[in-house]
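Colleague: okay, predicted coordinates and the sequence, questions at the end:
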Amino acid sequence: MSYRAPIQEQLFVLETVAELAALAELPRFESGTPDVAAAILEESRKLAENIFAPLNSIGDIQGARRSAHGVTLPAGFDEVYNHYVNGSWAGLTADVAFGGQRLPFDLGCAVQEQLSSANMAFSLCMMLTQGAIEALSVHASEGLKRTYLANLVSGNESFPRTKIATAEFFVQQILPQVNGLLPAVTSDATALLSADNDW
């Protein structure tokens with residue numbers, strides 16, 4: 001699959017709609033200047049075009065296979081994930097206290113747009129992890145943050161591989177902390193537990 005990242009359009013939106021320069025004036029995002037954003041998008045373009053996109057058809061053809069020994073991913077998926085982790089992409093918008101770079105979420109969305117457009121199936125794992133990082137950062141106790149965030153932010157642990165992805169953990173650990181914040185979620189969530197305690 002051929003993919004070309006729309007960097008100029010992304011930068012235009014970040015600068016005129018998201019007002020990246022104004023965000024960079026805030027202490028939290030002081031390192032997220034327009035020139036830094038341009039450099040990051042150029043590097044994520046290389047990752048999306050040269051590494052994620054070529055893997056797209058391989059993933060479609062081979063698919064993931066489950067056996068008694070576990071799940072076998074399509075050829076190249078492990079190597080590409082390691083490339084993603086080694087580039088510190090997982091922690092782009094996460095808090096520096098847990099190893100992140102604390103860049104604006106808008107910039108993180110532009111990077112994710114590139115990766116998802118290049119290879120949607122493969123990028124889903126990273127999107128789930130980013131969602132877990134955000135949820136834990138905002139809603140989890142300090143104990144849960146210390147236990148999970150550093151490994152998720154570093155990419156050493158992806159969300160689907162952690163026990164926090166199980167329904168049992170969600171019902172017993174996360175739900176009690178957010179119950180009341182989410183009116184539609186009740187203790188009836190235990191019905192979500194399947195026979196193997198996994199969604």
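Modeller: That came in fine, so what should we check first?
Colleague: how is this protein divided into domains?
Modeller: Using automatic domain parsing, the domain parsing of the chain gives 7-160, 166-199.
Colleague: adding mean neighbour count and mean pLDDT, write those out as CSV.
Modeller: Heads up, the C-betas are built off the backbone N, CA and C, glycines and all. As requested, these are exported to CSV (neighbours: other C-beta atoms under 10 Å; pLDDT from 0 to 100):
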stretch, mean neighbour count, mean pLDDT
domain 7-160, 17, 88
domain 166-199, 13, 50
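Colleague: who's in contact with the residue nearest in space to the middle of the chain?
Modeller: Central residue of the chain (C-alpha atoms, centre = their mean): residue 130, 2.8 Å from the mean position. Contacts for residue 130 were tallied using C-beta atoms under 8 Å, 6 or more residues apart in numbering; they are 90, 93, 108, 112.
Colleague: go on, residue 127?
Modeller: Going by C-beta under 8 Å, 6+ apart, residue 127 touches 112, 116.
Colleague: immediately after the host helix or strand of it, which helix or strand?
Modeller: Assigning secondary structure by DSSP states H and E places residue 127 in helix 120-139. Once the chain leaves helix 120-139, the next helix or strand it forms, by DSSP H and E, is helix 142-154.
Colleague: ok, which stretches of the protein are strands?
Modeller: Under the criterion DSSP state E, strands of the chain are mapped to 65-67, 70-72.
Colleague: list the contacts for residue 43?
Modeller: Neighbour list for residue 43: residue 87 [criterion: C-beta under 8 Å, 6+ apart].
Colleague: quick one: the residue nearest to residue 55 when sequence neighbours are not counted from residue 57, how far?
Modeller: Leaving aside its sequence neighbours, residue 55 sits nearest to residue 76 (C-beta to C-beta, 6 or more residues apart in numbering; 5.2 Å). According to C-beta to C-beta, to the nearest Å, residue 76 stands 11 Å off from residue 57.
Colleague: try residue 117
Modeller: Computed as C-beta to C-beta, the residue 117 to residue 57 distance reads 15 Å.
Colleague: where do the helices of this structure begin and end?
Modeller: Ranges of helices in the chain, per DSSP state H, are 7-16, 20-23, 34-47, 53-62, 77-86, 105-118, 120-139, 142-154, 167-169, 175-178.
Colleague: nearest spatial neighbour of residue 145, skipping sequence neighbours?
Modeller: The spatially closest residue to residue 145, leaving aside those adjacent along the chain, is residue 136, at 5.9 Å (C-beta to C-beta, 6+ apart).
Colleague: and the one you found, how far is that from residue 12?
Modeller: 33 Å.
Colleague: likewise for residue 105?
Modeller: Taking C-beta to C-beta, one finds residue 105 at 18 Å from residue 12.
Colleague: before we move on, what about residue 56?
Modeller: 26 Å.
Colleague: same check, this time on residue 101
Modeller: Here residue 101 is placed at a distance of 23 Å from residue 12 (C-beta to C-beta).
Colleague: check residue 102 too.
Modeller: Note on residue 102: its distance to residue 12, by C-beta to C-beta, is 24 Å.
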